[in-house]
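Visitor: no sequence for this one, just the structure:
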């Protein structure tokens with residue numbers, strides 16, 4: 001008897017129990033996406049690593065059979081992941097062209113130059129967090145007052161996005177990545193996001209600055225072959241969403257993990273591990289992105305013994321791969337900040353692998369490392385103000401975190 005596909009819950013929730021059950025049956029799982037669209041999730045570490053770098057796997061949605069056949073309705077909640085024009089949906093020369101236009105903003109040297117600004121923003125936001133906790137029993141939402149505005153401010157400053165646009169862009173980004181959103185709201189959110197970014201680019205075209213958006217506009221205007229207008233807007237969509245949502249989840253998940261595992265926090269304070277180790281272990285143990293859409297086999301492809309037909313939408317199961325005992329050992333489910341230092345440690349895949357490895361990885365690591373170090377230095381007794389079970393999860397099986405993180409700053 002054929003096992004029915006696993007229905008990915010559009011309302012999201014904690015992925016780890018389902019991941020463990022699916023991994024027990026194999027590294028590849030048949031899944032049912034919203035709207036009854038059949039897909040596949042690659043969950044095992046080794047299978048995912050091979051799949052992400054396979055030469056017969058594409059990102060361009062023209063290879064998406066159901067989309068090509070007109071079976072994807074307007075307002076499908078995952079449509080943006082497939083159809084946005086940018087580097088995450090491009091292959092080969094197109095991918096290299098689009099990536100090259102923004103890559104200079106994320107070199108090791110450029111990221112190192114951003115350190116003083118990230119430190120300055122962090123200290124300012126810690127002041128805001130302390131003020132937010134006054135008058136409410138010493139409790140504040142760390143996600144809202146700290147984990148969100150730090151990466152949002154950094155990516156906005158890189159792009160030259162004025163402060164008055166940032167709250168709206170975050171709201172629209174969260175709508176775009178939600179998987180439980182209805183068709184009408186999905187269409188409206190995407191249209192408004194494009195309109196807001198269009199207004200930003202129009203203002204930048206009139207008054208360019210020393211920012212990435214101005215550089216992209218120049219590339220579009222100087223030579224249309226370097227960047228089409230749809231690619232300009234698509235690149236900004238990707239930069240805004242990926243530039244803050246992932247780091248927001250990373251910081252939030254790391255604080256949750258450290259509050260639940262005080263012994264691990266003590267190891268950092270004793271010098272047995274550093275904040276970079278905390279960041280890496282959080283990426284592995286509670287990946288900020290759970291299932292990332294999409295890749296498409298160019299031909300029927302056998303992945304760990306499972307045939308994945310050409311044109312199938314495939315999700316990268318980062319949260320599952322991070323706890324795959326076959327790769328990370330029998331204690332893969334344990335949060336251990338010393339793990340990244342072990343000689344036998346297998347590097348996680350939560351930032352991708354191959355040609356599409358996360359371009360912003362160095363910046364995300366910098367932001368998260370500084371944020372965690374300064375946070376626990378300023379508030380050494382910081383702890384969760386509610387139980388883990390009381391935290392409300394994201395309404396998405398793409399992003400993996402909680403909607404709010406109430407913390408008590410002082411014992």
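Guide: Here it is on my side, so go on. In this text the structure is predicted, and so the values were computed from the model without any measurement.

Visitor: Which pLDDT value does the model give residue 410?
Guide: You'll see residue 410 listed with a pLDDT of 87.

Visitor: neighbouring contacts of stretch 189-208?
Guide: Under the contact criterion CB atoms under 8 Å, 6 or more residues apart in numbering, stretch 189-208 has outside partners 79-80, 160-162, 165, 168-169, 172-173, 175-176, 181, 211, 213-214, 217-218, 221, 232-233, 236-237, 240. (Each C-beta comes from the backbone N, C-alpha and C, glycine too.)

Visitor: Pull out the buried residues from it.
Guide: For stretch 189-208, a neighbour-count test (16 or more other CB atoms under 10 Å) marks 189, 190, 192, 193, 194, 196, 197, 200, 201, 204 as buried.

Visitor: Inside helices: which ones of the contacts of stretch 189-208?
Guide: Mapping the contacts of stretch 189-208 onto helices (DSSP state H) picks out 79-80, 165, 168-169, 172-173, 175-176, 213-214, 217-218, 221, 232-233, 236-237, 240.

Visitor: Mind jotting down where the strands sit in the chain?
Guide: Applying DSSP state E to the chain gives strands spanning 6-7, 28-33, 37-42, 57-58, 139-141, 291-297, 301-303, 306-308, 314-317, 383-384, 406-408.

Visitor: ok and the second one relative to strand 37-42, angle-wise?
Guide: For strand 28-33 and strand 37-42, the angle between their directions (axes from the mean of the first three to the mean of the last three CA atoms, to 10 degrees) works out to 150 degrees.

Visitor: and strand 28-33, which strands flank it?
Guide: strand 6-7 (parallel), strand 37-42 (antiparallel) (DSSP bridges).

Visitor: Narrow the ones in helices among the contacts of stretch 189-208 to those that are buried.
Guide: Buried among the ones in helices among the contacts of stretch 189-208 (16+ other CB under 10 Å): 79-80, 165, 169, 172-173, 175-176, 213-214, 217, 232-233, 236-237, 240.

Visitor: which residues of the stretch 51-200 of the chain score low on pLDDT?
Guide: Low-confidence segments of the stretch 51-200 of the chain (pLDDT under 70): 136.

Visitor: So which residues of it form helices?
Guide: Along the stretch 51-200 of the chain, counting by DSSP state H, counting those that start in this stretch, helices occupy 65-68, 79-83, 92-103, 108-133, 142, 149-159, 163-177, 183-206.

Visitor: Of the ones you listed, which stretch is the most buried?
Guide: Stretch with highest mean neighbour count among the helices of the stretch 51-200 of the chain: helix 142 (a mean of 27; mean count of other CB atoms under 10 Å).

Visitor: Contacts for that one next, please.
Guide: Contact with helix 142 is made by 129, 252, 255, 405, 406, 407, as judged by CB under 8 Å, 6+ apart.

Visitor: how about those residues, which pair is most distant?
Guide: The span of the contacts of helix 142, defined through CB to CB, is set by 129 and 252 at 13.1 Å.

Visitor: quick one on the thing from earlier: out of the buried ones among the ones in helices among the contacts of stretch 189-208, who's nearest residue 395?
Guide: Comparing those against residue 395 with CB to CB picks out residue 175 as the nearest, at 10.0 Å.

Visitor: Now do the closest one against residue 77, distance only.
Guide: The gap separating residue 175 from residue 77 is 9 Å, by CB to CB, to the nearest Å.

Visitor: Spell out which residues are contacts of both of these two.
Guide: Joint contacts of residue 175 and residue 77 (CB under 8 Å, 6+ apart) are 181, 186.

Visitor: what's the most distant pair in the buried ones among the ones in helices among the contacts of stretch 189-208?
Guide: The largest separation in these, counting by CB to CB, is between 79 and 214 at 29.2 Å.

Visitor: Contact partners for the residue lying closest to residue 123 once chain neighbours are set aside?
Guide: What sits nearest to residue 123 in space, not counting adjacent residues and going by CB to CB, 6 or more residues apart in numbering, is residue 374, at 6.6 Å. Residues in contact with residue 374 (CB under 8 Å, 6+ apart) are 119, 122, 123, 126.

Visitor: about what we covered before: and which of the contacts of helix 142 is nearest to residue 103?
Guide: Using CB to CB, residue 252 comes nearest to residue 103 of these, at 27.4 Å.

Visitor: before we move on, the earlier item: including distance to residue 279 and mean neighbour count, could the strands of the chain go into TSV?
Guide: Shown next, in TSV, are the strands of the chain (distance: least, CB to CB, whole Å; neighbours: other CB atoms under 10 Å):
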stretch	distance to residue 279	mean neighbour count
strand 6-7	30	14
strand 28-33	28	21
strand 37-42	24	22
strand 57-58	28	22
strand 139-141	22	19
strand 291-297	19	24
strand 301-303	29	17
strand 306-308	32	17
strand 314-317	20	26
strand 383-384	19	16
strand 406-408	19	21
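
Visitor: Reformat those strands as CSV; add distance to residue 154.
Guide: Shown next, in CSV, are the strands of the chain (distance: least, CB to CB, whole Å):
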stretch, distance to residue 154
strand 6-7, 36
strand 28-33, 32
strand 37-42, 31
strand 57-58, 31
strand 139-141, 20
strand 291-297, 22
strand 301-303, 36
strand 306-308, 37
strand 314-317, 25
strand 383-384, 26
strand 406-408, 22
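
Visitor: Tabulate the contacts of residue 374 (a markdown table), appending distance to residue 37.
Guide: Below are the contacts of residue 374 laid out as a markdown table (distance: CB to CB, whole Å):
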| residue | distance to residue 37 |
| --- | --- |
| 119 | 45 |
| 122 | 41 |
| 123 | 46 |
| 126 | 44 |
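
Visitor: ok, which pair from those residues is furthest apart?
Guide: Pairwise distances among the contacts of residue 374 were taken by CB to CB; the largest, 10.8 Å, belongs to 119 and 126.
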